[in-house]
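K.L.:
Predicted model and sequence below, questions to follow.
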Amino acid sequence: MNKNKVLFTENDSFHLRYGDKKIRLSYFANDDISYQPKKEELNQELLQSVSSWLAENLSLIKEFATEELLDLKNDDWREENEPKLTAEEFIARLELLEIVVYYTGKVDMIFDADDIFYDHCISVYTNENLLVQGANVGY
């Protein structure tokens, strides 16, 4: 049985429990991204599918982000005299903060990057088939 499930907080924001952590979950039920769906509008099957996929693939997602962004960090974002980060150090500093699920099945994952890119986060995104498409430095 999957220990990850969608939770609802007192203020009706959605969260996914991942292990002992609560990760913010944003769900877009249609093309209007300003629309906030009600609990009964959530596609529970899609969210459970994403939750299972995440449980199986989080380490690979972090590795993908590292492959995409480690050189950017070491070549362009290091302070003077700051040592280069290794892939292991980069991965260890990534913490999943939020998952954005679109009704189409696309998913964005927002990671706290522990100041790797100063106060910017890292975003990793998928297509409708949950195939990771890219990673970038967010705002």
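P.N.:
Perfect, thanks for sending it. Numbers count the residues shown, from 1 in each chain.

K.L.:
When you work out contacts or count neighbours from here on, use the C-alpha atoms and nothing else.
P.N.:
OK.

K.L.:
host element of the spatially most central residue of the chain?
P.N.:
Taking CA atoms, centre = their mean as the criterion, Met109 is the residue nearest the geometric centre of the chain, at 1.8 Å. Using DSSP states H and E, Met109 maps to strand 107-112.

K.L.:
what comes up buried for the following helix or strand past that strand?
P.N.:
Moving toward the C-terminus from strand 107-112, the first helix or strand encountered (DSSP H and E) is strand 122-126. Residues Ile122, Ser123, Val124, Tyr125, Thr126 are the ones in strand 122-126 that count as buried (16 or more other CA atoms under 10 Å).

K.L.:
which helices and strands does the longest helix along the chain pack with?
P.N.:
Using DSSP state H, we find that the single longest helix of the chain is helix 44-76. Under the contact definition 3 or more CA pairs under 8 Å, 6 or more residues apart in numbering; DSSP states H and E, helix 44-76 sits against helix 87-92, strand 122-126, strand 132-137.

K.L.:
List the buried residues in it.
P.N.:
Residues of helix 44-76 classed as buried by neighbour count (16+ other CA under 10 Å): 47-48, 50-52, 54, 61-66, 69-70, 73-74.

K.L.:
Tell me the spacing between Arg17 and Ala55.
P.N.:
For Arg17, the distance to Ala55 equals 11 Å [CA to CA, to the nearest Å].
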